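Peer 1: Next one to model:
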Amino acid sequence: MASLKQLKLKRISVNKTRQVTKAMESVSAVKMRKAQESALGGRAYAAGALRILKNLSGTIDVANHYMVKPRTKGKYGIIIITSDKGLAGSLNSAVLKKVTSFLKDEKYSYEKVLICIGRRGYEFATNRNLNVLIHEENKKGDVKESDMKVVTDMIAKLHKEGDTRAWYIAYTNFKSTFEQEAVIRRILPLSDGALNEVIETIIPDSGKYSDTEHGRKSASSYTVEPSTEAVLETIIPSLVNIVVYHALLETKASEHSARMVAMKSATDKATEMSQELLLKFNKARQAVITSEVSEITSGIEAMK
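Peer 2: Prediction:
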């Protein structure tokens, strides 16, 4: 049985750990609320932008655009969005598990190029000697749409030059504080089915951020000025940028939610362990006291 001193020191150590995890839980809770508002508040904007492209997709000009027309040659591109930090439960491992399955899938058994946003994804890629074109850190608390321009410019350049046949994005979709889902979505070439899938992911069926008014309606036909080609050269890369940016917001909301839950779980476990150690300490101390009283009693009896 552990000595009183060992139990006391162990309980002090556990209590210090609990203070750290409690502080991290509080910080994550603040960041989580802000990240959730950004992700959920931006869903209507992202879905609205995608619907514009979806409603344009019936025209011949759009069907022949290099970001829309299907291809049978070229590399597969994957954007992997993870966090830079750990202590977020299975958040990163779930995304990387999806990516691993994708890389092993025979359907995508051609050469692949990667863009990594976040340190965990970059470490995953470099450990497997994968071809990483860009590595961006995912440390900033407030991210802007313009922060993703380097990534989307690279995607547009490679796709326009014919180096890639399709682009996919792997990230964590935020569902609730206690539920996040790792997903892989195709973003290029753009298609009606792929756009519908992304829109359905972005807009929830119910709740504050659902879109019951516009979610299932089709817009009327557009009159495009000055020309369809000129508009497409600007709008399609911008819409791809919105998709990548929104995926980053979803991942950030998921990261802070997962970290808060993980830290709360760690705090609760530390509290439970501290109470168990206190009980053991009290029992051990009582045993020592009982033993000492017994020795004193025996000594008195021996002196009689």
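Peer 1: Tell me who's in contact with residue 165.
Peer 2: 71, 72, 73, 74, 75, 76, 110 (Cβ atoms under 8 Å, 6 or more residues apart in numbering). (C-beta placed from N, C-alpha, C; glycine too.)
Peer 1: Now residue 185, what are its backbone angles?
Peer 2: phi -120, psi 140 (degrees, to the nearest 10).
Peer 1: whoops, I mixed them up, residue 105
Peer 2: phi -70, psi 130.
Peer 1: What of residue 188?
Peer 2: As for residue 188, its main-chain torsions (degrees, to the nearest 10) stand at phi -140, psi 140.
Peer 1: Just to check, it is in contact with residue 240?
Peer 2: Yes: taking Cβ atoms under 8 Å as the definition, residue 188 is a contact partner of residue 240 at 6.9 Å.
Peer 1: so residue 277 sits in a helix?
Peer 2: Yes: with DSSP: H, G, I helix; E, B strand; the rest coil as the criterion, residue 277 is part of a helix.
Peer 1: Name the nearest residue to it, sequence neighbours excluded.
Peer 2: The shortest distance from residue 277 to any non-neighbouring residue, by Cβ to Cβ, 6 or more residues apart in numbering, is to residue 11 (4.2 Å).
Peer 1: Surely that neighbour and residue 276 touch.
Peer 2: No: with contact defined as Cβ under 8 Å, residue 11 does not count as touching residue 276 (9.2 Å).
Peer 1: Could you check which of the two is surrounded by more residues?
Peer 2: residue 11 (18 against 12; other Cβ atoms under 10 Å).
Peer 1: Next, residue 269: secondary structure please.
Peer 2: Look at residue 269: counting by three-state DSSP, its state is helix.
Peer 1: What's the per-residue pLDDT of it here?
Peer 2: As predicted, residue 269 sits at a pLDDT of 92.
Peer 1: count of neighbours near it?
Peer 2: 14.
Peer 1: do residue 281 as well
Peer 2: There are 18 residues near residue 281, going by other Cβ under 10 Å.
Peer 1: rewinding a little: most neighbours of all the contacts of residue 165, which one?
Peer 2: That'd be residue 76 among the contacts of residue 165, by other Cβ under 10 Å, with 21 neighbours.
Peer 1: For that residue, give me the backbone phi and psi.
Peer 2: Torsion angles, degrees, to the nearest 10, at residue 76: phi -90, psi 130.
Peer 1: same thing with residue 245?
Peer 2: phi -60, psi -40.
Peer 1: Roughly how far does it sit from residue 33?
Peer 2: 20 Å (Cβ to Cβ, to the nearest Å).
Peer 1: Would you mind telling me which of those two has more residues around it?
Peer 2: Neighbours per residue (other Cβ under 10 Å) separate residue 245 from residue 33, with residue 245 holding more: 22 against 15.
Peer 1: My guess is that one contacts residue 145. True?
Peer 2: Yes: the pair formed by residue 245 and residue 145 meets the contact definition of Cβ under 8 Å, at 4.7 Å.
Peer 1: Identify the residue nearest the geometric centre of this structure.
Peer 2: residue 251 (3.0 Å; Cα atoms, centre = their mean).
Peer 1: in a helix, that's where that one is, yeah?
Peer 2: Yes: counting by three-state DSSP, residue 251 is found in a helix.
Peer 1: Restricting the selection to alpha carbons, write the longest strand belonging to the chain to CSV.
Peer 2: Secondary structure assigned by DSSP state E gives strand 164-176 as the longest strand of the chain. What follows is strand 164-176 as a C-alpha-only set of coordinates in CSV (Å, rounded to 0.1, in the frame of the first residue of the first chain):
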residue,chain,number,x,y,z
THR,A,164,-5.2,17.7,-62.2
ARG,A,165,-8.4,15.8,-63.1
ALA,A,166,-10.3,16.4,-59.8
TRP,A,167,-9.9,18.0,-56.4
TYR,A,168,-11.3,16.8,-53.1
ILE,A,169,-11.4,18.4,-49.7
ALA,A,170,-11.1,16.5,-46.3
TYR,A,171,-12.3,18.4,-43.2
THR,A,172,-14.5,18.1,-40.1
ASN,A,173,-18.1,19.1,-40.5
PHE,A,174,-19.5,20.7,-37.4
LYS,A,175,-22.9,19.2,-36.3
SER,A,176,-23.1,20.1,-32.6
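Peer 1: Perfect, I'm done here.
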